[in-house]
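Q: need a 3D model of the following:
(2 chains)
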Number of protein chains: 2
Amino acid sequence: MKQSPIGIFDSGIGGLTVLKEISKLLPDENTIYLGDTARVPYGSKSKETVERYSFEIANFLLKRGIKMLVAACNTASAYAVARLKEELKIPVIGVIEPGARAAVNMTRSKRIGVIGTEGTIKSSAYTKAIKSVNPSVSTFVKACPLFVPLVEEGWADDSVTETIAGRYLDELKACDIDTLVLGCTHYPLLKDTISRVMGKGVVLIDSAESTAAEVMRVLSGNGMLNGSNGGASHSFFVTDSPERFLTVGKRFFGEDLKDAGLALLEGC
Amino acid sequence: MKQSPIGIFDSGIGGLTVLKEISKLLPDENTIYLGDTARVPYGSKSKETVERYSFEIANFLLKRGIKMLVAACNTASAYAVARLKEELKIPVIGVIEPGARAAVNMTRSKRIGVIGTEGTIKSSAYTKAIKSVNPSVSTFVKACPLFVPLVEEGWADDSVTETIAGRYLDELKACDIDTLVLGCTHYPLLKDTISRVMGKGVVLIDSAESTAAEVMRVLSGNGMLNGSNGGASHSFFVTDSPERFLTVGKRFFGEDLKDAGLALLEGC
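A: Below you'll find the predicted structure:
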């Protein structure tokens, strides 16, 4: 059981930023990653559809003996983690609660901004999570649908992206926030651009790091940490052909991304 | 049989531009439209996946008694129409051959540009179709992955979009083309912007119009035109919840887009 892998999933490649932080913090843990590249993106899709896809993926990973499930996708965390927690017998961790806690710890002005996909913002999941940690914090949210395609195009550091970021973030700047949650796993690749636009007074919260810390806390609290240190194995599955995942994924996970199998999900 | 509907499908809402032209040219024809909004977009996905999705959709529409199938999606046309033509017993029309023929008819310099999604461009389907009409024509291609999300964001006429179009189209401008194929059903909404960037010497080919003409030609040639004119019915299905389809779809089809049902595809 302790040697069993952690299952990590995302709509595509973005969740590799979370996998990277987990394997940095817990280098002995085995992992299985699934990117639902045949149906990416989730950000513009409905709760019902994202929930159904998340359960199909959970079943695929459960059959491979995972000891914990991490929804490394903000939209899936917003829409599906509550029900996954209820129905699965293993611990389930999303990226929203850890990100929300990190943001509340960080803010001094008690004014937090949140950016994400249409789905994540529409769900109000971050606002609810932040308020449940500290009801006196005010939140200001903005969906930024073009950020994901800009990152996938490889234009993370580009004047066009900075112009678009300026337009999306203008209203958040006017709200006098001191903390901004990057509520999408693609956004850490835009850290420099977003930082330039928001200015030095605003701290950016990357959920990937706080999620990795939460994974460690829960595994450790349940006596589930992998004690052996014979070198961890990382396996990768995608639902579309692996070629594009391997090319674009290296921007997220680095050269360690060597190979990926094709996952046949029920109903994919 | 003559009263049976024409089945039209797309990965999402873009194919509504094709439906609009068909119903303008053939106002008595009944239609069923299916937008695969749960799995949109197709443009960045592999041939195998797009082909599988197209067959699932064809089966859904065949069960509803369609007399003809129109793949109103360039990526599906590039990857799936050849096999759909082989295996289906009704006429199948894609958007690529009509667009290619229209472009060859239009060019004087015999230098044609083609823009589209990653999948459409990678398939070389337009180049093959153009060469099969006239082997002496030269083609110059460019994938423009950000155009679809820019249209869906509602930024079709926007300075940011013009900047991005300038960057994508610079190399095509240098190729001295006189005709440019808009090889994606979203791109007609960018006509003004693309026209400004390319300049007056370049004619833009919108496959939607030539596809509608091809639909008329094939129906008429097979004695399958609907003779009655009691007012045509247009029904709509989507694979994700209809809400977003109805909002964004009005930009494509106008206020006639009134209602849409949820399609349960085998394996969606």
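Q: every contact and neighbour count from this point should use C-alpha atoms.
A: Will do.
Q: what about the nearest residue to residue A:73 once chain neighbours are set aside, distance to residue A:124?
A: Nearest residue to residue A:73, sequence neighbours excluded (CA to CA, 6 or more residues apart in numbering or on different chains): residue A:10, at 4.9 Å. Look at residue A:10 and residue A:124: by CA to CA, to the nearest Å, they are 19 Å apart.
Q: likewise residue A:156?
A: Counting by CA to CA, the gap from residue A:156 to residue A:124 is 26 Å.
Q: okay, the two: which has more neighbours?
A: residue A:156 (24 against 13; other CA atoms under 10 Å in any protein chain shown).
Q: before we move on, what SS does that one have?
A: Classification of residue A:156 using DSSP: H, G, I helix; E, B strand; the rest coil returns coil.
Q: so it makes contact with residue A:188?
A: No - counting by CA atoms under 8 Å, residue A:156 stays clear of residue A:188, with 9.7 Å between them.
Q: which stretches of the stretch 151-268 of chain A form helices?
A: A:159-173, A:191-198, A:207-221, A:242-253 (DSSP state H, counting those that start in this stretch).
Q: count the neighbours of the residue lying closest to residue A:157 once chain neighbours are set aside for me.
A: Using CA to CA, 6+ apart and skipping the chain neighbours, the partner closest in space to residue A:157 is residue A:193 (6.3 Å). By other CA under 10 Å, the residues close to residue A:193 number 20.
Q: can you pull the contacts of residue A:193?
A: Each residue near residue A:193 by CA atoms under 8 Å, 6 or more residues apart in numbering or on different chains is listed here: A:156-157, A:161-162, A:165.
Q: can you give me the pLDDT of it?
A: Model confidence at residue A:193, given as pLDDT, is 97.
Q: next, count neighbours for residue A:90.
A: Neighbour number of residue A:90 under other CA under 10 Å is 14.
Q: go on, the one 3 residues further on?
A: Taking other CA under 10 Å as the neighbour definition, residue A:93 ends up with a count of 24.
Q: ditto for the one 5 residues further on
A: As a burial measure, the neighbour count of residue A:98 was computed by other CA under 10 Å and equals 22.
Q: quick one: it is in a strand?
A: No - read with three-state DSSP, residue A:98 is helix and lies in no strand.
Q: that one reaches residue A:215, doesn't it?
A: No - at 9.6 Å, residue A:98 and residue A:215 do not qualify as touching, with contact defined as CA under 8 Å.
Q: need the overlap of contacts for the two.
A: Residues touching both residue A:98 and residue A:215 (CA under 8 Å, 6+ apart): none.
Q: now stretch A:84-98: buried residues?
A: A:84, A:91-98 (16 or more other CA atoms under 10 Å in any protein chain shown).
Q: out of those residues, who's nearest residue B:260?
A: Nearest to residue B:260 among those, counting by CA to CA, is residue A:84 at 29.7 Å.
Q: spatially nearest residue to the closest one, not counting backbone neighbours?
A: With CA to CA, 6+ apart as the criterion, residue A:84 has its nearest non-adjacent residue at 6.9 Å, and that residue is residue A:92.
Q: residue A:223: which of the contacts of residue A:193 is nearest?
A: The closest of the contacts of residue A:193, once distances to residue A:223 are taken by CA to CA, is residue A:156, at 39.9 Å.
Q: let me see the residues that make contact with stretch A:155-165.
A: A:147, A:150, A:189-190, A:192-194, A:197, B:160, B:163-164.
Q: from chain B, how far out is residue A:108?
A: 34 Å (CA to the nearest CA, to the nearest Å).
Q: what about that residue, neighbour count?
A: 13.
Q: can you check residue A:30 too?
A: By other CA under 10 Å, 20 other residues sit near residue A:30.
Q: okay, the residue nearest to it when sequence neighbours are not counted: pLDDT?
A: Leaving aside its chain neighbours, residue A:30 sits nearest to residue A:5 (4.5 Å; criterion: CA to CA, 6+ apart). Reading off the confidence values, residue A:5 has pLDDT 97.
Q: OK, contacts around residue A:5?
A: A:29-32, A:65-68.
Q: then residue A:194?
A: A:162, A:165.
Q: what's the answer for residue A:101, then?
A: Here residue A:101 is in contact with A:129-130, A:133 (CA under 8 Å, 6+ apart).
Q: could you check how far it is from residue A:9?
A: Counting by CA to CA - residue A:101 and residue A:9 are separated by 21 Å.
Q: so residue A:230 sits against residue A:28, correct?
A: Yes - Residue A:230 lies in contact with residue A:28 (CA under 8 Å); the separation is 7.4 Å.
Q: who has more neighbours out of the two?
A: residue A:28 (19 against 8).
Q: buried set for the helix-or-strand element of chain A with minimal mean pLDDT?
A: None of the helices or strands of chain A scores lower by mean pLDDT, DSSP states H and E than helix A:242-253, at a mean of 85. Across helix A:242-253, burial judged by 16+ other CA under 10 Å covers A:242, A:245-246, A:248-249, A:251-253.
Q: I'd like those laid out as TSV, including distance to residue A:110.
A: Listed next are the buried residues of helix A:242-253 as TSV, based on distance: CA to CA, whole Å:
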residue	distance to residue A:110
A:242	43
A:245	39
A:246	41
A:248	37
A:249	36
A:251	34
A:252	31
A:253	33
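Q: quick one: is the strand or helix carrying residue A:61 near chain B?
A: For residue A:61, the host element (DSSP states H and E) is helix A:47-62. Yes - Helix A:47-62 reaches chain B (CA under 8 Å from any CA of the partner chain) through A:48-49.
Q: and whichever helix or strand comes after that helix, what other elements does it pack with?
A: Once helix A:47-62 ends, the next helix or strand along the chain (criterion: DSSP H and E) is strand A:68-71. Using 3 or more CA pairs under 8 Å, 6 or more residues apart in numbering or on different chains; DSSP states H and E, the elements in contact with strand A:68-71 are strand A:6-10, strand A:92-94.
Q: tell me the mean pLDDT over the helix or strand following strand A:68-71?
A: Using DSSP H and E, the next helix or strand after strand A:68-71 towards the C-terminus is helix A:74-87. Mean pLDDT, helix A:74-87: 97.
Q: in helix A:74-87, which residues are buried?
A: Judged by neighbour count using 16+ other CA under 10 Å, the buried positions of helix A:74-87 are A:74-81, A:84.
Q: and it, what does it pack onto?
A: For helix A:74-87, the packing partners by 3+ CA pairs under 8 Å, 6+ apart are helix A:47-62, strand A:92-94, helix A:96-106, helix A:118-123.
Q: around chain B, pick out the residues from chain A.
A: Checking chain A against chain B by CA under 8 Å from any CA, the hits are A:37-41, A:45-46, A:48-49, A:145-146, A:149-150, A:153, A:160, A:163-164, A:240-241, A:266-268.
Q: got the contact list for stretch A:82-92?
A: Contacts for stretch A:82-92 (CA under 8 Å, 6+ apart): A:55, A:67-71, A:81, A:218.
Q: residues near whichever residue of the stretch 1-150 of chain A sits closest to chain B, how many?
A: Using CA to the nearest CA, the closest approach of the stretch 1-150 of chain A to chain B is made by residue A:39 at 4.6 Å. Number of residues near residue A:39 (other CA under 10 Å) recorded here: 23.
Q: run through the residues that contact it.
A: Contacts of residue A:39 (CA under 8 Å, 6+ apart): A:11, A:239, B:38-41.
Q: could you identify which of the residues you listed has the most neighbours?
A: residue A:11 (28 neighbours).
Q: got the contact list for that one?
A: Per CA under 8 Å, 6+ apart, neighbours of residue A:11: A:35-37, A:39-42, A:73, A:76.
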